[in-house]
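Peer 1: missing the sequence, but the structure's below:
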């Protein structure tokens with residue numbers, strides 16, 4: 001088992017953001033609905049991306065990873081099932097459901113795995129596809145879906161789910177007629193998917209707003225080249241790392257407005273933040289101050305994926321910060337590990353109250369989920385002594401070359 005050993009201390013340097021994990025996965029799934037070759041660049045080398053490539057290959061596609069580019073030839077799809085072993089590797093594997101159904105007329109898969117963050121709202125995906133004419137049956141945790149041809153319709157989501165919005169968009173490209181998604185997710189990753197679908201020849205509009213329109217035109221779809229947008233959550237994590245450790249960081253290849261909520265919160269702690277067209281610079285030389293209450297919300301609200309790293313920063317702030325988690329009911333699993341390092345955090349349901357302490361101390365801790373693991377890395381940078389972090393498979397799902405990037409910033413870190 002690999003572990004990270006991290007010694008706290010200030011950071012200084014420049015890094016670049018890798019491509020967005022939460023964007024590349026639905027885009028790789030979307031390559032299934034054309035019968036051509038697609039080239040996806042700026043793909044991060046992450047465990048979840050590798051899992052998606054294995055799923056594509058299992059389905060019959062030719063998928064190759066070279067450098068930061070994935071080439072997918074989906075001309076020959078021979079299967080419509082995803083084995084349980086692959087489904088369990090990542091939470092977002094259900095994004096393949098709409099694509100497989102649209103391409104083959106049927107699909108068979110189990111419930112997804114990944115981080116245990118609470119109830120997975122698969123019903124949003126299933127109900128939307130049902131309204132488009134799909135029929136579902138469940139047996140022992142397996143989902144079987146059939147649809148001779150999907151039909152466009154109006155879908156009103158009860159919650160602006162990112163995954164459900166993406167699944168509907170992909171499936172609707174192969175449906176007969178117009179599909180309208182109301183209360184759609186507005187995340188930048190939805191816009192990135194729209195850009196790729198349009199490059200394939202799809203008729204999609206409205207991404208980035210609460211209403212998305214898709215005119216089915218599967219016969220017109222073709223392969224496309226696309227560059228994945230920057231990863232706003234990786235960017236937020238390294239900004240939190242610099243805020244916690246102190247010093248200066250400059251992150252390139254970013255879209256600053258995608259991180260507006262995070263930048264606002266970090267500014268309240270006393271960090272000096274400046275932005276350019278595709279660069280964010282953060283400096284922190286003074287003691288950390290507490291933030292106003294943080295409430296996670298769908299975009300453009302505060303992102304749930306940034307809640308854990310921001311909480312780690314607040315453990316050293318000179319005051320109290322209150323967190324309310326509105327997206328996942330089990331996203332405070334990192335709290336127990338932070339308290340092992342000396343943090344003062346009390347949790348009641350979906351609310352966590354963080355009282356800043358003068359010092360954190362290095363300890364042996366383990367990752368419970370992807371972003372919780374990132375929080376432990378952030379906390380280690382502000383702790384005295386050496387912190388040893390285990391169960392790194394979670395971190396590997398979302399952060400490419402984390403050890404190398406932190407080393408380039410002057411961090412004393414090694415992976416053993």
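Peer 2: Everything's here; your move. These numbers come from a predicted model, not from an experiment.
Peer 1: for the rest of this, base every contact and every neighbour count on C-alpha atoms.
Peer 2: Noted.
Peer 1: nearest spatial neighbour of residue 274, chain-adjacent residues omitted?
Peer 2: Leaving aside its chain neighbours, residue 274 sits nearest to residue 281 (5.3 Å; criterion: Cα to Cα, 6 or more residues apart in numbering).
Peer 1: could you do residue 75 as well?
Peer 2: Nearest non-adjacent residue to residue 75, counting by Cα to Cα, 6+ apart: residue 35, 4.0 Å away.
Peer 1: neighbours of the one you found, how many?
Peer 2: Residue 35 has 19 neighbouring residues, counting by other Cα atoms under 10 Å.
Peer 1: isn't it up against residue 74?
Peer 2: Yes: between residue 35 and residue 74 there is a contact at 5.2 Å, judged by Cα atoms under 8 Å.
Peer 1: circling back to that earlier point, tell me the contacts of the residue nearest to residue 75?
Peer 2: Applying Cα atoms under 8 Å, 6 or more residues apart in numbering, we find residue 35 in contact with 73-76, 221-223.
Peer 1: ok so, going back, where does the residue nearest to residue 274 fall, secondary structure wise?
Peer 2: Per DSSP states H and E: residue 281 is located in strand 279-284.
Peer 1: partners of the helix or strand following that strand in the sheet?
Peer 2: Using DSSP H and E, the helix or strand that follows strand 279-284 in sequence is strand 294-295. Applying DSSP bridges to the sheet, strand 294-295 is found paired with strand 320-324 (parallel).
Peer 1: next helix or strand past the partner strand?
Peer 2: Counting by DSSP H and E, the next helix or strand C-terminal to strand 320-324 is helix 335-340.
Peer 1: so what's the gap between that next one and the chain middle?
Peer 2: Distance of helix 335-340 from the chain centroid (Cα atoms, centre = their mean, to the nearest Å) equals 23 Å.
Peer 1: what's that helix packed up against?
Peer 2: Applying 3 or more Cα pairs under 8 Å, 6 or more residues apart in numbering; DSSP states H and E, one finds that helix 335-340 contacts strand 364-366, helix 370-381.
Peer 1: so which of the ones you listed gets nearest residue 101?
Peer 2: Distance to residue 101, taken as Cα to Cα, is lowest for helix 370-381 among the helices and strands packed on helix 335-340, at 29.2 Å.
Peer 1: residues touching that closest one, excluding its own?
Peer 2: By Cα under 8 Å, 6+ apart, the residues outside helix 370-381 that reach it are 6-10, 115, 237, 240-241, 244-245, 305-306, 308-313, 331-334, 337-338, 360, 362, 365-367, 386-387, 389, 392, 394-398, 411.
Peer 1: in strands, which of those residues appear?
Peer 2: Within the contacts of helix 370-381, residues falling in strands by DSSP state E are 6-7, 360, 365-366, 386-387, 389.
Peer 1: out of the residues you listed, which comes closest to residue 325?
Peer 2: Distance to residue 325, by Cα to Cα, is smallest for residue 366 among the ones in strands among the contacts of helix 370-381, at 21.5 Å.
Peer 1: any low-confidence regions in the chain?
Peer 2: For the chain, the stretches flagged by pLDDT under 70 are 91, 113-121.
Peer 1: which parts of it are helices?
Peer 2: Assigned by DSSP state H, the chain shows helices spanning 21-30, 47-59, 84-87, 96-104, 122-131, 162-172, 188-199, 232-245, 260-268, 307-314, 335-340, 370-381, 393-396, 402-408.
Peer 1: report the distance from the last one to the chain centre.
Peer 2: Right, the one you point to is helix 402-408. Mean-position distance between helix 402-408 and its chain equals 20 Å (Cα atoms, centre = their mean).
Peer 1: rewinding a little: and the angle for the strand holding residue 281 with helix 232-245?
Peer 2: With axes from the mean of the first three to the mean of the last three Cα atoms, to 10 degrees defining the directions, strand 279-284 sits at 20 degrees from helix 232-245.
Peer 1: list the helices and strands strand 279-284 packs on?
Peer 2: Looks like strand 279-284 contacts helix 232-245, strand 247-252, strand 272-275 (3+ Cα pairs under 8 Å, 6+ apart).
Peer 1: from the chain's centre, how far out does it sit?
Peer 2: Per Cα atoms, centre = their mean, the displacement of strand 279-284 from the mean C-alpha position of its chain is 22 Å.
Peer 1: could you chop this protein up by domain?
Peer 2: What automatic domain parsing lists as the domains of the chain is 4-17+230-415, 21-227.
Peer 1: so how far does the last one reach from one end to the other?
Peer 2: Same thing as domain 21-227. Start-to-end span of domain 21-227 (Cα to Cα, to the nearest Å) is 12 Å.
Peer 1: and if you look at stretch 125-137?
Peer 2: With Cα to Cα as the measure, the first residue of stretch 125-137 is 14 Å from its last.
Peer 1: which residues touch it?
Peer 2: With contacts defined as Cα under 8 Å, 6+ apart, stretch 125-137 is touched by 98, 143-147, 149-153, 155, 163-164, 167-168, 175.
Peer 1: strands - which of those residues land there?
Peer 2: Reading strands off these with DSSP E, I get 143-146, 155.
Peer 1: got the ones in strands among the contacts of helix 370-381 as TSV, with distance to residue 292 and neighbour count columns?
Peer 2: Below are these laid out as TSV (distance: Cα to Cα, whole Å; neighbours: other Cα atoms under 10 Å):
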residue	distance to residue 292	neighbour count
6	29	25
7	29	19
360	22	24
365	28	23
366	29	21
386	31	19
387	29	25
389	29	23
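Peer 1: got those as a markdown table, with distance to residue 374 columns?
Peer 2: Below are the ones in strands among the contacts of helix 370-381 laid out as a markdown table (distance: Cα to Cα, whole Å):
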| residue | distance to residue 374 |
| --- | --- |
| 6 | 13 |
| 7 | 15 |
| 360 | 16 |
| 365 | 12 |
| 366 | 11 |
| 386 | 16 |
| 387 | 13 |
| 389 | 10 |
